[in-house]
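>>> quick one: sequence and predicted model below, then my questions.
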Amino acid sequence: MDWLSRIDTTLLSRIQFGFTISFHIVFPAFTIGVSAYIATLEVLWVRSRKEHYHLLARFWTRIFAVSFAMGVVSGIVLSYQFGTNWSRFSTTVGNVIGPLMGYEVLTAFFLEASFLGIMLFGWNRVPPWLHTLACVIVAVGTAISGFWILAANSWMHTPAGHEMRNGVAIPVSWLHVIFNPSFPYRFAHMMIAAYLTTSLVVLATGARYLLEKRFEQQAKTMVRMGLGMVILLTPIQILVGDLHGGNTAEYQPVKVAAIEGHWDGSQPAGLVLFGWPDSTSESNRAEIAIPKLGSLIIKHDANGLFPGLKDFSRGDRPPVLPLFFMFRLMVGLGLLMLAIAVVGAVLWRRGKLFETRWFLGPLRFCWPLGFVAILAGWMVTEIGRQPWLAYGILRTADASSPISVATVAVSLGLFVLVYCVVFSMGVMYIAGMIRKGPDSSLTAMESGVPNRPLSAAGGGARPRPTASAEAP
């Protein structure tokens, strides 16, 4: 039971925050992508008047409603944890992080909330152009939300535009605070990941319907649009990831050393394909590596040198094992997405995309790839920042609140119980809507009175007897 004696408030608070944010991050990422997809479908429908675009927009709006609700609920919990578990963090950097979070509410959440009602309940109550505009504004609002959240998170990794006064970070240039050195790369990488994740969900859903010979027109549209985005975005994401890695090597070299399993900075780094980093012996067990390829990737020079883990004291190194393996999981999933894009593009060009069952069969199960890649990437980002909470400003061990281990343990247990129950039900509900398909959404979205918060997600409202406002 020696491990039990090593558990302290900071470790449990980290576990609790990591657990809750892992649930939270997947829902905003999905809503960012799916809101943009709905807006695109609405624009296509208004321009072409093709009914299958209309049905798909209504179908995915129901799914968006549930995902948006779960994202909001899980996000509120995180805000409370800044005060309950990380009060010293708030004291030291709250003058920077607080306003950035406030800007997110003022510019994004209020914008989304103002037009969300029209998006969810305005199908038969407003003109088609206004409903389409509302969908576009909600999509823009979700992107703006991502902008501010990534600005705050990026500042914690590469602080800029501030000065320290009596141990407190005071902003002196909001332009440099927001557009800190890692923000452009981190924001682009995360937004593309969100759109890729949604594209894979749409692609998998379309492939499923094609295999089941259901909703074939809508299914072909989903496969075309989903695969088209995967073909377009995957190479861009790989390029942005490379640029992001170069930025990280400049500002957080110890993180890159841990990711690469690179111990000796006096030698060019090989690309470690497999190994087991051993912090005790400061080496990789059972290593399989390609000589000098790591240096070529990081420094764009096969003989280039960058710091190894031995160049940093043990107290300044992040945990190596999770970084090493999570990064390889993320890259592996990215290469799988690239394979889907290449094979799909070839089949599409040959006119065999919708008939090739050996491709569509595995494709129907590709929907989790983006979510897993986001979680793996987020773990690499956040674990790699350790032992700092705000890099170079505040260590994680100095940021936790002065509360007991028992208090955090009880709240962690309750979070695990409630989250597993509530969010499992939400995911099952979304899965049920996908199983029913686009046609089942039509009646629900023609309902009249938004008398329940999630009634836009389906069922229960009174049908409107008048003709559809969308009829040409």
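Structure's in. What do you need?

>>> can you give me the helices in the stretch 301-450 of the chain?
Applying DSSP state H, counting those that start in this stretch to the stretch 301-450 of the chain gives helices spanning 320-349, 357-363, 369-383, 405-436, 441-445.

>>> need those helices in a markdown table with mean neighbour count, can you?
Quick note: C-beta positions are derived from backbone N, CA and C, even for glycine. Below are the helices of the stretch 301-450 of the chain laid out as a markdown table (neighbours: other C-beta atoms under 10 Å):
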| stretch | mean neighbour count |
| --- | --- |
| helix 320-349 | 17 |
| helix 357-363 | 15 |
| helix 369-383 | 21 |
| helix 405-436 | 14 |
| helix 441-445 | 18 |
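
>>> do you know which of these lies nearest Leu150?
With C-beta to C-beta as the criterion, Leu150 lies closest to helix 369-383 of these, at 10.6 Å.

>>> show residues contacting the closest one.
With contact meaning C-beta atoms under 8 Å, 6 or more residues apart in numbering, helix 369-383 is reached by 18, 21-22, 25-26, 29-30, 153, 157, 186, 189, 193-194, 196-201, 259, 318-319, 322-323, 326-327, 329-330, 333-334, 336-337.

>>> next: stretch 390-405.
Contacts of stretch 390-405 (C-beta under 8 Å, 6+ apart): 7-10, 12-14, 84-89, 92-93, 155-159, 164, 169, 251-252, 385-389.

>>> for ChimeraX, write the selection for the buried entries among those residues.
Here is the ChimeraX command that picks out the buried ones among these, judged by 16 or more other C-beta atoms under 10 Å:
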select :9,10,12,13,14,85,86,87,88,89,92,93,155,156,157,158,159,169,251,252,385,386,388,389
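
>>> among the contacts of stretch 390-405, which are located in helices?
9-10, 12-14, 84, 87-89, 92-93, 155-157, 251 (DSSP state H).

>>> need the max-distance pair from those.
Thr84 and Tyr251 (30.4 Å).

>>> if we can go back for a sec, closest one of the ones in helices among the contacts of stretch 390-405 to Met119?
For the ones in helices among the contacts of stretch 390-405, the residue nearest Met119 by C-beta to C-beta is Trp155; the value is 31.4 Å.

>>> against Tyr391, how distant is the closest one?
Per C-beta to C-beta, to the nearest Å, Trp155 is found 9 Å from Tyr391.

>>> same check on Ile383?
Applying C-beta to C-beta to Ile383 and Tyr391 gives a distance of 13 Å.

>>> Arg285 falls within a strand, correct?
Yes - residue state for Arg285 (DSSP: H, G, I helix; E, B strand; the rest coil) corresponds to a strand.

>>> please name the nearest non-neighbouring residue to it.
Excluding the flanking residues, the one nearest Arg285 by C-beta to C-beta, 6 or more residues apart in numbering is Trp276, at 4.3 Å.

>>> for that neighbour, pull up the helix or strand it's in.
Secondary structure from DSSP states H and E places Trp276 in strand 271-278.

>>> please consider this matter closed, and thank you.
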